[in-house]
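[1] Give the three-dimensional model of this entry:
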Amino acid sequence: MIGFAQTTGSETLKRYFQRGKDIANKHIEVFGSILRENDLPVVMTWDTEVTDQTSFVFSDKLMLYQMLALNRLGLSYYGLSMSNSPRHDLGVHYTWLMAEIAQFTEDGIEIMIDHGWLEQPPQAADRGQLMNE
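    As a prediction, the model looks like this:
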């Protein structure tokens, strides 16, 4: 997200990617604190691997699509982890963090729709309107 934020030309996407970085840092802190409380090692982030590149490498559309795909994957991993974890205390963290990721993903989809990169997702038919037509 850091790399995407520093290589996009769009201020909207720059703010979106920075928000994603902040959300990711919060998730790392939440689960890192649980690991530390249980005397387990906390994994290191890959922030040091991000280059100082600022020129446009990928299109904004591709970067946002990749971000949304990773968000969906992360949501599925959290759901799988919650369903398989014997620790009920973790379920609370998964639930509220999943809600945050879902809102972040929805905001990204709105950006895609606003830019014409994605059509409006399929909607259920309005049966009341259909009956009145």
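[2] Now for Tyr65, which secondary structure element holds it?
    helix 60-84 (DSSP states H and E).
[3] any idea how far the residue nearest to Glu119 when sequence neighbours are not counted is from Asp107?
    Leaving out its chain neighbours, the residue that sits closest to Glu119 by C-beta to C-beta, 6 or more residues apart in numbering is Ile113, at 7.4 Å. Every C-beta, even on glycine, is put in place using the N, C-alpha and C of the backbone. In this view, Ile113 and Asp107 are 11 Å apart by C-beta to C-beta, to the nearest Å.
[4] for the helix or strand just after the helix holding Tyr65, packing partners?
    For helix 60-84, the following helix or strand on the C-terminal side (DSSP H and E) is helix 88-114. For helix 88-114, the packing partners by 3 or more C-beta pairs under 8 Å, 6 or more residues apart in numbering; DSSP states H and E come out as helix 11-37, helix 60-84.
[5] closest one to Glu49 among these?
    Judged by C-beta to C-beta, the one of the helices and strands packed on helix 88-114 that comes nearest to Glu49 is helix 11-37, at 14.1 Å.
[6] follow-up on the earlier one: so can I have TSV of the helices and strands packed on helix 88-114 showing mean pLDDT and distance to Gln103?
    What follows is the helices and strands packed on helix 88-114, written out as TSV (pLDDT from 0 to 100; distance: least, C-beta to C-beta, whole Å):
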stretch	mean pLDDT	distance to Gln103
helix 11-37	94	10
helix 60-84	94	10
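[7] Identify whichever of the ones you listed lies nearest to Thr95.
    Taking the helices and strands packed on helix 88-114 one by one with C-beta to C-beta, helix 60-84 is closest: 7.2 Å.
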